[in-house]
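Novice: Here's a sequence, model it:
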Amino acid sequence: MTGPIRASSAGYAPEVAPPAAMPAAPPASPAPVEAEAPPPAPPVTDRQALRTCLIVDDSRVVRKVSRRIVEGLGYAVTEAENGEEALARCRAAMPALILLDWDMPVMTGIEFLTAVRALDGGDRPKAMFCTSHAAPHDIHQGFAAGADEYVTKPFDEPKLRAKLERIGAI
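Specialist: From the prediction side, this is the model:
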């Protein structure tokens, strides 16, 4: 504390006297100020650029569970609730990984994946069906449409992780 301490008018709490004013320093001549350019953003590595996942499922619950799993694996996630919406997202920015359902309104997973694979750059993303279609002919049809892997619902984190490891997505 600076300055003397005086008793307050109530007589029990100290009151601090204001410090004596310091003489102001004479103003210095202003130096020219150059605006600093912000530092350049660090370069995006190929691995970082490839860590995007599109989850395509009409079930909000399945999207939420899938999101939690793949975000835990380091992916940035976007979602779509049908194939048409997902196709628009792929046209805007092709993800590195696509997890998709088979049965959806507007456009099925098979129709969506066939359309993605026909796009410029559509051969790059790893695609995995997450579906209840488990018959051998369904699995064959999924691979024929361009799927890299196939997991049946219900699935859990270890099962999904194993499938993603198998296709080199993690």
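
Novice: those helices in this structure, which residues are they?
Specialist: 46-49, 60-72, 83-92, 109-118, 136-144, 157-166 (DSSP state H).

Novice: among those helices, which is the most enclosed?
Specialist: With neighbours defined as mean count of other CB atoms under 10 Å, those peak in mean count at helix 109-118, which reaches a mean of 20. (Glycine included, C-beta is placed from N, CA and C.)

Novice: what bits of the protein have low per-residue confidence?
Specialist: For the chain, applying pLDDT under 70 flags the ranges 1-50.

Novice: middle-most residue in it, spatially?
Specialist: By CA atoms, centre = their mean, the chain has its centre lying nearest to Ala76, at 2.5 Å.

Novice: which non-adjacent residue is nearest that one?
Specialist: Among residues not flanking Ala76 along the chain, Thr52 sits closest, at 5.1 Å (CB to CB, 6 or more residues apart in numbering).

Novice: likewise Leu164?
Specialist: Leu164 sits nearest to Ile170 (CB to CB, 6+ apart), 4.8 Å away.

Novice: Could I get the contacting residues of the residue nearest to Leu100 when sequence neighbours are not counted?
Specialist: The shortest distance from Leu100 to any non-neighbouring residue, by CB to CB, 6+ apart, is to Val56 (4.0 Å). The contact partners of Val56, by CB atoms under 8 Å, 6 or more residues apart in numbering, come to 79-83, 85-86, 98-101, 104, 109, 112.

Novice: 10 Å instead, please
Specialist: If a contact means CB atoms under 10 Å, 6 or more residues apart in numbering, then Val56 has 62-63, 66, 78-83, 85-87, 89-90, 98-101, 104, 107, 109, 112-113, 116, 127, 129-130 as its contacts.
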